[in-house]
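Participant: here you go, sequence then predicted model.
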Amino acid sequence: MRFGAWLYTTRASGRDLLEQARASLVEAKLRAETDRLVAAERQLAETERDRLDLEVADREAEWIGAALRYFARVWKLMTPTNQGRLLRALVAAVRVKEETGVVEVELVNFAADAASKEAA
């Protein structure tokens, strides 16, 4: 092999190595950006689910607020039997301190009941 041919081959090999190194660098950066994009898309999907959950909660809160605004009317229309059923469904415990006259009413924690059912 002549010196000129060897020099050209060495330069070509050096360029190939440089191109391979550049390609590897670009691929590594592309993988990193792809991972960041996937993570951002996952976070966006979670945020969207949270937003939808909040919209549902807002609608429920509005409904509950309206129901409580007019509850006195509903209570008057209920029979004593149904009033008792409603109270038993909503009240977990009633504690009376005779010496002080303080009455404590503990309501049922429906959120805790729902969470325990979801966990099971």
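Facilitator: Received it, and whenever you're ready, just let me know what you need.

Participant: what about the strands in this structure?
Facilitator: 91-97, 102-107 (DSSP state E).

Participant: of all those strands, which lies closest to Val56?
Facilitator: Smallest distance to Val56 across the strands of the chain (Cβ to Cβ): 22.0 Å, for strand 102-107. Any C-beta I mention is one placed from the backbone N, CA and C, and that applies to glycine too.

Participant: state the distance from the residue nearest the centre of the chain to Leu44.
Facilitator: Against the mean C-alpha coordinate of the chain, by Cα atoms, centre = their mean, the closest residue is Asp50 at 4.7 Å. Applying Cβ to Cβ, to the nearest Å, one obtains 11 Å for the distance of Asp50 from Leu44.

Participant: pull the distance from the helix ranked longest in the chain to the chain's centre.
Facilitator: Longest helix of the chain, by residue count under DSSP state H: helix 3-69. Computed by Cα atoms, centre = their mean, to the nearest Å, the chain-centroid distance of helix 3-69 equals 20 Å.

Participant: what helices or strands is it leaning on?
Facilitator: Using 3 or more Cβ pairs under 8 Å, 6 or more residues apart in numbering; DSSP states H and E, no helix or strand is in contact with helix 3-69.

Participant: count the residues that sit near Gln20.
Facilitator: Counted by other Cβ atoms under 10 Å, the residues lying close to Gln20 total 10.

Participant: how about Arg73?
Facilitator: Counted with other Cβ under 10 Å, Arg73 comes out at 8.

Participant: repeat that for Leu86.
Facilitator: Neighbour count of Leu86, defined by other Cβ under 10 Å: 13.

Participant: quick one, domains of this protein?
Facilitator: Using automatic domain parsing, the domains assigned to the chain come out as 1-77, 79-120.

Participant: and Glu99, its phi and psi?
Facilitator: phi -70, psi -30 (degrees, to the nearest 10).

Participant: confidence score at it?
Facilitator: pLDDT recorded at Glu99 is 94.

Participant: could you check how far it is from Ala93?
Facilitator: For Glu99, the distance to Ala93 - Cβ to Cβ - is 19 Å.
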